[in-house]
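Student: Provided below are the primary sequence and the corresponding predicted coordinates.
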Amino acid sequence: KQEVTQIPAALSVPEGENLVLNCSFTDSAIYNLQWFRQDPGKGLTSLLLIQSSQREQTSGRLNASLDKSSGRSTLYIAASQPGDSATYLCAAVRGSYIPTFGRGTSLIVHP
Amino acid sequence: GAVVSQHPSWVICKSGTSVKIECRSLDFQATTMFWYRQFPKQSLMLMATSNEGSKATYEQGVEKDKFLINHASLTLSTLTVTSAHPEDSSFYICSPKDGADTQYFGPGTRLTVL
């Protein structure tokens, strides 16, 4: 059974810092890995999707990497802003296209 | 981008009553629908998977007679929580998947059972 772990569980940083959020998964036979953002009481917003054959994806200030062999993915946020405050979830998607979610990293960026 | 709506966004009900949550894919056809439940500070947990016109497949530990899922059309799926109890209070998120296997997520429904 796939298990997804995210570290740290919570993070509070001053504006402008570069951040690294970690995600690990136990079963490397994944189809893809996705990073989502969730604002309080809201649904999910897809940020980045990395196919199993890819090593990384970039979108603006966000960069996600994937190392299938070690079962790890990282989300790098450059020059953090208060608007980045949210919970970030990673999800490992297995061959049946069903994602297994981590518990998320709650991020607060203070001015 | 694809639009997914859920209604209601927030519902409060008395213990023992039933609540129906609707999920609509507004500009695409959802061949498969996933329903998730999320407790505070927890990850999303898959409850069930349904294909249009077929019975839903429930994850282990999820009571199919308590959480009724209907996926009668390619743009509408409903989740009915029957005889709701306070422990059913949670955030329910639908997630339709289109024919290209792209998965989208609804904005969620906050259920509070008194």
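Tutor: Happy to help now that I have it. Quantities reported herein were computed from a predicted structural model and do not represent experimental measurements.
Student: my guess is A:A79 meets A:N18, correct?
Tutor: Yes - judged on Cβ atoms under 8 Å, A:A79 makes contact with A:N18 at a distance of 6.8 Å. Glycine gets a C-beta too; all of them are placed from N, C-alpha and C.
Student: Residue 44: what's it in contact with?
Tutor: Let's take chain A. Counting by Cβ atoms under 8 Å, 6 or more residues apart in numbering or on different chains, A:L44 touches A:F36, A:R37, A:Q38, A:L89, B:L44, B:I93, B:F105.
Student: sorry, should have said chain B
Tutor: A:L44, A:L89, A:A91, A:F101, B:Y36, B:R37, B:Q38, B:I93.
Student: ok, it to A:A86 distance?
Tutor: Here B:L44 is placed at a distance of 15 Å from A:A86 (Cβ to Cβ, to the nearest Å).
Student: hang on, the earlier thing: want to try CSV for the contacts of A:L44, with distance to B:I21 and secondary structure as columns?
Tutor: Output for these, formatted as CSV (distance: Cβ to Cβ, whole Å; DSSP: H, G, I helix; E, B strand; the rest coil):
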residue, distance to B:I21, secondary structure
A:F36, 20, strand
A:R37, 23, strand
A:Q38, 18, strand
A:L89, 21, strand
B:L44, 15, coil
B:I93, 10, strand
B:F105, 14, coil
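Student: closest to B:E59 among those?
Tutor: B:L44 (11.7 Å; Cβ to Cβ).
Student: Quick one: check stretch A:12-31 for contact with chain B.
Tutor: No - residues of stretch A:12-31 are not located near chain B by Cβ under 8 Å from any Cβ of the partner chain, the shortest gap being 9.0 Å.
Student: buried stuff in that stretch?
Tutor: Using 16 or more other Cβ atoms under 10 Å in any protein chain shown as the test for burial, stretch A:12-31 gives A:V13, A:L19, A:L21, A:C23, A:S24, A:F25, A:I30.
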